Structures are given as C-alpha cells and as structure tokens.
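K.L.:
Sequence and predicted structure below; questions after.
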Amino acid sequence: MRSGLFPAEPGPSPGWQRQGRADASGEALIDRYTVEPGFTLVRSRLRSHRAQRETSQRRSDGRLLVITYGLSGASSFRERRGHRPRFQAGFTTVTGFDDVDGERLFPAQEEIGQLRLILTEQALAEYLGATDAAGLLQAGEPPRTLDFCTTDPASQAGVDALFRAPARPLPHPLALKTTALTLLTQPLQRLLDRRSDTPPHALEKVERADALLREALEAPFCLTTLATRVGLGERQLRRGFQRVFGVSPRQRFQRLRLEYARSLLESGAPVARVAYRLGYGHPANFTAAYRRHFGRAPKHSRR
C-alpha cells in the first residue's frame, strides 16, 4: 500500500486537503496544508488492526527535511539503505532525506497521531540560507536522523493547536503560518547551535565516527579506538557527539545498536540470539535495555 508519507509538493490550497481510508487493515485520516511553496504540514491519525507495513516512495527532485512531532503511539520507518528513524508520542524527530524508498511500520491496535513539517531544500534555504540548509541535509549522505528529543511544553501547545485545527472552517491562514513557523524554529535552532559550536574539521570527524559506529554494531564499544580512528582526542569526541547528537558516543552506540536489534527481531530472529549477537551476557539484560528504549519487550517486535 502506498502511504503518501512524503507527498509531491502540492500547489497552493485554500485549506487542509483530506485523504482517508478504512479497510481490513485499519483506518487512516491524513490532512495536508500548504503553508507556502515547499513547506507542507501533514497531520495523520492512524490505527492498524494488525501489525503492518506500508510502502512509501519518493524519487529525488531535491532533498527534504522532515520534522515529526509525535502525539500518540509509536511507529518507525525502514529505509532501504538501513536508515531507521522512529516516531514516538512526546518526542520530536528531525530527519533528512533524499530519495525515499522504504516502509512505514505500524504496531497492531495502537492509535498513532503525528504532525509533520515537510520542507524542500529550497524552502529550507529561504529560511536558513543555502549553506546552512545544505549543511543540515548533508550533500551526498544517505538519509539519517538529525535529532530525536523530548518535545518541549511550548512546542507541544503549538502542535496540539495545529493537530486539532478544524479543516472547515479554516482558521486564519496567518495564525496557521505563525504557529507552523514557531514549530519549525526551535528544532532548527537547536541543530544549528550544535553545528556552530563544533569546528568544521571536528564536525566531519564526528560524523565519520558515527558512520564507524553504524558499521560495527555487533562489536564491543571502545571510545579510545574510535577516537584514534577519526583523529580526535577522547574528550573532543565526547564533546562533539554531545553537540551534534545530544548524547555521548556510548549512548549513541547503544541507541543505534537497539535500533539494529529491532530490525533483527522484525526479521524473525529469536530474542536470545539477538541479545548474544549484540554482546549482552544474559537475555534479561538485553530485554531491560530494549524496554527502556522502546517502551515494550523485545518479543513484541518479532513477526
């Protein structure tokens, strides 16, 4: 099923454009609103009767920045190159995409509510300038999650207002645009602050270190080895990860590894086998870490 998660850029519209469906797999209600060319709001309310996958594709006509505010439930997206952003109630996920080819994954019997802000690179450049827009979207890089953090209370109020805004009659366009721009500003400012605090040469090495972590998710973590391979001191590497990703290298590794664990479980691998592959001495320790991260036991992620 084609989900329309990343719609082609629509033309100007007088209000929210609604698309709904209800079938044996579940119900979905999706509204889209064009704030201005290249900047679209998408609010979705979904409930699946059973765990399911929905295909989502968008061929490149420029890169996208997607900011997802989770209101209820949790879902994820599995991109064909391995990128695995997750979306969860109370959290904000910022993701950069070029081509999009993958699947949205929905748990069974869980209501999922999300508000997404989708910007083309051209629209982002209008707000940030071409250099900062390209820097955030990382020319030539595969899709990746730029930020995943708790939604602050002020932003949550704006998200609630937009999510509940009636499709008809339409609130004044200025009010919608003002709220949308406010929700855009906070996560972008946080990302730009992290990058500006990190010298360009160090930023490149931090991103290289992150790529090395992704390539060695079944190996033990060693900060000294990682820092040596990218040519930074351990303190510099810790500081760089904190500024760019908001967590330490070890925390980043643990999060990436648990995302990898979920993909193994979804492919049918037994919980114990996944635990041992990732270096946990006992499956119970893996289960505890998995539950803390995802809010559910590993067995619920198996097909």
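P.N.:
Sure thing, it's come through.
K.L.:
Only C-alpha atoms from now on, for both contacts and neighbour counts.
P.N.:
Noted.
K.L.:
Can you give me every residue that contacts the closest residue to residue 114 other than its chain neighbours?
P.N.:
The shortest distance from residue 114 to any non-neighbouring residue, by C-alpha to C-alpha, 6 or more residues apart in numbering, is to residue 70 (4.7 Å). By C-alpha atoms under 8 Å, 6 or more residues apart in numbering, the residues touching residue 70 are 87-92, 113-115.
K.L.:
try it again with 10 Å
P.N.:
Residue 70 makes contacts with 86-93, 112-116, 150-151, 156, 159, as judged by C-alpha atoms under 10 Å, 6 or more residues apart in numbering.
K.L.:
In strands only, show me those residues.
P.N.:
Mapping the contacts of residue 70 onto strands (DSSP state E) picks out 86-88, 91-93, 112-116, 150.
K.L.:
which one of those has the most neighbours?
P.N.:
Neighbour counts for the ones in strands among the contacts of residue 70 (other C-alpha atoms under 10 Å) peak at residue 92, which has 26 neighbours.
K.L.:
any idea how far that residue lies from residue 238?
P.N.:
Shown here: residue 92 relative to residue 238, a distance of 23 Å by C-alpha to C-alpha, to the nearest Å.
K.L.:
what's the lowest-pLDDT member of the ones in strands among the contacts of residue 70?
P.N.:
When the ones in strands among the contacts of residue 70 are compared by pLDDT, residue 86 scores lowest at 78.
K.L.:
isn't it right up against residue 75?
P.N.:
Yes. Counting by C-alpha atoms under 10 Å, residue 86 does reach residue 75; the two are 6.1 Å apart.
K.L.:
Now for these two: what residues contact both?
P.N.:
Overlap of the contact sets of residue 86 and residue 75 (by C-alpha under 10 Å, 6+ apart) consists of 104-105.
K.L.:
Check the burial of residue 189 by counting its neighbours.
P.N.:
So residue 189, with other C-alpha under 10 Å, has 12 neighbours.
K.L.:
chain center to the helix or strand containing it: distance?
P.N.:
If you go by DSSP states H and E, residue 189 is part of helix 173-196. Remark: helix 173-196 is offset 16 Å from the chain centroid, using C-alpha atoms, centre = their mean, to the nearest Å.
K.L.:
Tell me the first helix or strand C-terminal of it.
P.N.:
From helix 173-196 onward toward the C-terminus, using DSSP H and E, the following helix or strand is helix 200-215.
K.L.:
got the CA positions of that following helix in PDB?
P.N.:
Taking Å, rounded to 0.1, in the frame of the first residue of the first chain, the C-alpha atoms of helix 200-215 are listed here in PDB:
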ATOM      1  CA  PRO A 200      34.200  22.200  10.600                       C
ATOM      2  CA  HIS A 201      37.100  19.800  10.800                       C
ATOM      3  CA  ALA A 202      35.900  18.300  14.100                       C
ATOM      4  CA  LEU A 203      32.300  18.100  12.700                       C
ATOM      5  CA  GLU A 204      33.500  16.000   9.800                       C
ATOM      6  CA  LYS A 205      35.400  13.600  12.200                       C
ATOM      7  CA  VAL A 206      32.300  13.300  14.500                       C
ATOM      8  CA  GLU A 207      30.200  12.300  11.500                       C
ATOM      9  CA  ARG A 208      32.900   9.800  10.400                       C
ATOM     10  CA  ALA A 209      32.900   8.400  13.900                       C
ATOM     11  CA  ASP A 210      29.100   8.000  13.800                       C
ATOM     12  CA  ALA A 211      29.400   6.100  10.500                       C
ATOM     13  CA  LEU A 212      32.000   3.800  12.100                       C
ATOM     14  CA  LEU A 213      29.600   3.000  14.900                       C
ATOM     15  CA  ARG A 214      26.900   2.100  12.400                       C
ATOM     16  CA  GLU A 215      29.400  -0.300  10.700                       C
END
